[in-house]
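Q: quick check, what structure comes out for this input:
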Amino acid sequence: MHLNIVAFVIGVVFSLGLGWSGMTDPARVLGFLDITGVWDPSLMFVMASAIPVYMVTWQFVKGRQKPLLETKLHVPTKKNLDKRLIIGSAIFGIGWGVAGICPGPALASVGAVSTGAVIFVVCYFVGAKLEGFTNAN
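A: Sure thing, here's the model as predicted:
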């Protein structure tokens, strides 16, 4: 239960950050991808501010024996690129470019009762469920 509360609070802070930065507006993302039209660099500034925060936090986390609220640190061990990763990344990128929104901002937009975001999130969960059925590992 304690872990769920912490996860919820972190999700709320993340959602507030996405909303405050304007990243829940698909026009921002599409404007960033429109390099031949009216280019909007705001997404670049959001990423440029997030990367150093992650780098500092990772240095703190990786030096610990165990995480604060878990028994072990769950770090991906897979190092190679395979067909599933490349195809999945391409589908994600194309979808992001077409819709102008990805799962994090979509979930944050659901709180604002955005019809497009609700449809996106429902489709996201259906796709995630279908992936579980097709995952042949």
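Q: residue contacts, the residue most central in space within the chain?
A: Closest to where the C-alpha atoms of the chain average out (Cα atoms, centre = their mean) is G104, at 4.6 Å. Contacts were defined as Cβ atoms under 8 Å, 6 or more residues apart in numbering; by that measure G104 touches F14, S15, L18. In short, each C-beta sits where N, CA and C put it, glycine included.
Q: looking at the residues you listed, which is nearest A99?
A: Within the contacts of G104, proximity to A99 (Cβ to Cβ) peaks at L18, which comes in at 15.1 Å.
Q: from V38, how far out is I87?
A: 32 Å (Cβ to Cβ, to the nearest Å).
Q: what about those two, which has more around it?
A: Shown here are I87 and V38; by other Cβ atoms under 10 Å, I87 has more neighbours (10 against 6).
Q: so where is this protein shaky, pLDDT-wise?
A: Scanning the chain for pLDDT under 70 picks out 1, 133-137.
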